[in-house]
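Novice: Starting from these lines, generate the structure:
(one chain, ligands or ions: 3)
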Amino acid sequence: MNSMTLTRPDDWHLHLRDGAVLPAVVPASARQMGRAIIMPNLKPPVTTTEQALDYRQRILAAVPDGESFDPLMTLYLTDRTSAEEIERAHASGRVHAVKLYPAGATTNSDAGVTDLAHCDGAIAAMARLGMPLLVHGEVTDADIDIFDREAVFIERVMKPLLDRHPTLRVVFEHITTADAAAFVTAAPDNVAATITAHHLLFNRNHMLVGGIRPHYYCLPILKRERHREALVEAATSGSGKFFLGTDSAPHAKGDKESDCGCAGAYTAPVALELYATAFEQAGALERLETFASHAGPDFYGLPRNTETVTLVREPWTIPETLPYLDGQDIVPLRGGETLAWRMR
Ligand SMILES: NC(=O)N[C@@H](CC(=O)O)C(=O)O
Ligand SMILES: [Zn+2]
Ligand SMILES: [Zn+2]
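Specialist: Ligands and ions are numbered 1, 2, ... in the order given. Sure, this is the predicted structure:
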């Protein structure tokens, strides 16, 4: 196959940051994606409907003329989120989900939840309204190895949460393990997952063998090869429970290439090409459209996009760096490398 046309995809997990960063990163997603679920882990976090609607306007102001891009907003769940705030968010028609960050689990999660028991009223409201809870699924206990944090989260948090709220719609975000893929596969239809392109393409050797490569450092951290294989199997299975979420997470080059480099891979400019590469390696290109363009809107109860995009087999080299903020650069994942597919 030398070219393929598919329904325009959506990105069900995206970080755009705020302020002067927006013009540097919004166009890349607007070019590829029809819509995106916008993560709320700003400083300070997006915790109210009013903040989410204001943030949405700032994102829209950075969409290039002639592009249509619909930012689907989220709220950042805290120990103090009220059921009333959930109802306001739902009634806005613009806020589509609420995000759970266990306190301290990842970038800008300091204001996250310390104990889900504090959020029971908010979560009950979400279950009643059918509003999805998006979950960064890692425990943060110092005694749990970083490679085990997702698997332990399933037992300690995910299962008790679903036992207490069995009808809650849950998206297990950016899954990275065979354990999470198996859990979601076996769960009822109100439980789904996003999978990043980098977790489909890379294992921890790519990050650590022959030198430490900070641009491959993201959370949850890349795992062993058998986990990558399980994720590929889930993504290419044709199941409506697994869909595209890039977790594109921009950080300035200097903040990544540092003695304490921050977590996040910037993939938005090459997202669809990276996913196409992963699906082709698995011999499953014909399943890409289900994963990238159909399963997400079906789960969120939104219409599928009507436009199309085309991928052509045309080798091209990803720029090594792109302009970011205040004269700093950003490094797209696989910058300087050549890809076989290009989006037109
Ligand atoms: N994935 C990451 O490594 N980083 C994300 C946060 C997140 O999604 O956990 C970020 O905001 O930079
Ligand atoms: Zn996360
Ligand atoms: Zn993320």
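Novice: ok, residue 177 to residue 234 distance?
Specialist: Residue 177 is 11 Å from residue 234, where distance means Cβ to Cβ, to the nearest Å. Yep, even glycine has a C-beta here, placed from its N, CA and C like the rest.
Novice: For the two, indicate the residue with more neighbours.
Specialist: Taking neighbours as other Cβ atoms under 10 Å, residue 177 and residue 234 compare with residue 177 leading, 25 against 22.
Novice: Tell me how far the more buried one lies from ligand 2.
Specialist: To ligand 2, residue 177 is 14 Å away according to Cβ to the ion, to the nearest Å.
Novice: Could you pull out the helices in the protein for me?
Specialist: 22-32, 49-61, 83-92, 120-129, 149-153, 159-164, 178-186, 197-201, 204-208, 225-235, 253-256, 271-281, 288-289, 295-300 (DSSP state H).
Novice: okay, these, which one's buried deepest?
Specialist: helix 197-201 (a mean of 24; mean count of other Cβ atoms under 10 Å).
Novice: by contact count, what packs against that one?
Specialist: helix 225-235, helix 271-281 (3 or more Cβ pairs under 8 Å, 6 or more residues apart in numbering; DSSP states H and E).
Novice: show me what contacts the residue in the chain positioned nearest to ligand 2?
Specialist: Per Cβ to the ion, residue 136 is where the chain lies closest to ligand 2, at 3.6 Å. Residues near residue 136 by Cβ atoms under 8 Å, 6 or more residues apart in numbering: 99-102, 105-106, 109, 173-174, 219.
Novice: The stretch 151-300 of the chain against ligand 1: which residues are in contact?
Specialist: Within the stretch 151-300 of the chain, the positions near ligand 1 by Cβ under 6 Å from any ligand atom are 218-219, 247, 249, 263-264.
Novice: Find the pair from those residues with maximum spatial separation.
Specialist: Pairwise distances across these (Cβ to Cβ) peak at 10.1 Å, for the pair 247 and 263.
Novice: got the helices and strands packed on helix 197-201 as TSV, with mean pLDDT columns?
Specialist: As requested, the helices and strands packed on helix 197-201 are arranged in TSV below (pLDDT from 0 to 100):
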stretch	mean pLDDT
helix 225-235	99
helix 271-281	98
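Novice: so what strands line up beside the longest strand seen in the chain?
Specialist: Criterion DSSP state E: the longest strand present in the chain is strand 308-317. The strands that strand 308-317 pairs with in its sheet are strand 3-7 (antiparallel), strand 338-343 (antiparallel) (by DSSP bridges).
Novice: That one vs helix 271-281, what angle?
Specialist: Interaxial angle of strand 308-317 relative to helix 271-281 (axes from the mean of the first three to the mean of the last three Cα atoms, to 10 degrees): 80 degrees.
Novice: Now strand 308-317: average pLDDT?
Specialist: Strand 308-317 shows a mean pLDDT of 97 in the predicted model.
Novice: Could you do stretch 92-107 as well?
Specialist: Averaging pLDDT along stretch 92-107 yields 96.
Novice: What is the end-to-end distance of that stretch?
Specialist: This stretch, stretch 92-107, spans 27 Å end to end (Cα to Cα, to the nearest Å).
Novice: Name the residues of that stretch that are buried.
Specialist: Within stretch 92-107, the residues that qualify as buried are 95-102, 105-107, counting by 16 or more other Cβ atoms under 10 Å.
Novice: Could you confirm whether it reaches ligand 1?
Specialist: Yes - using Cβ under 6 Å from any ligand atom, stretch 92-107 reaches ligand 1 at 106-107.
Novice: show me the contacts for residue 227.
Specialist: Contacts for residue 227 (Cβ under 8 Å, 6+ apart) come out as 176-178, 203.
Novice: what does this protein have sitting close to ligand 2?
Specialist: The chain has residues 106, 136 near ligand 2, with proximity defined as Cβ under 5 Å from the ion.
Novice: Show residues contacting stretch 332-344.
Specialist: 31-32, 198, 215-216, 265-270, 272-274, 276-277, 280, 309-322.
Novice: The same query, at a cut-off of 6 Å, please.
Specialist: Stretch 332-344 is contacted from outside by 215, 265-267, 269, 272-273, 276, 309-318, 320, using Cβ atoms under 6 Å, 6 or more residues apart in numbering.
Novice: ok, now stretch 239-250?
Specialist: 9, 11-15, 25, 174, 184, 192-196, 234-235, 264, 266-268, 271, 291-292, 295-296, 298, 330.
Novice: What is the distance between it and the centre of its chain?
Specialist: 5 Å (Cα atoms, centre = their mean, to the nearest Å).
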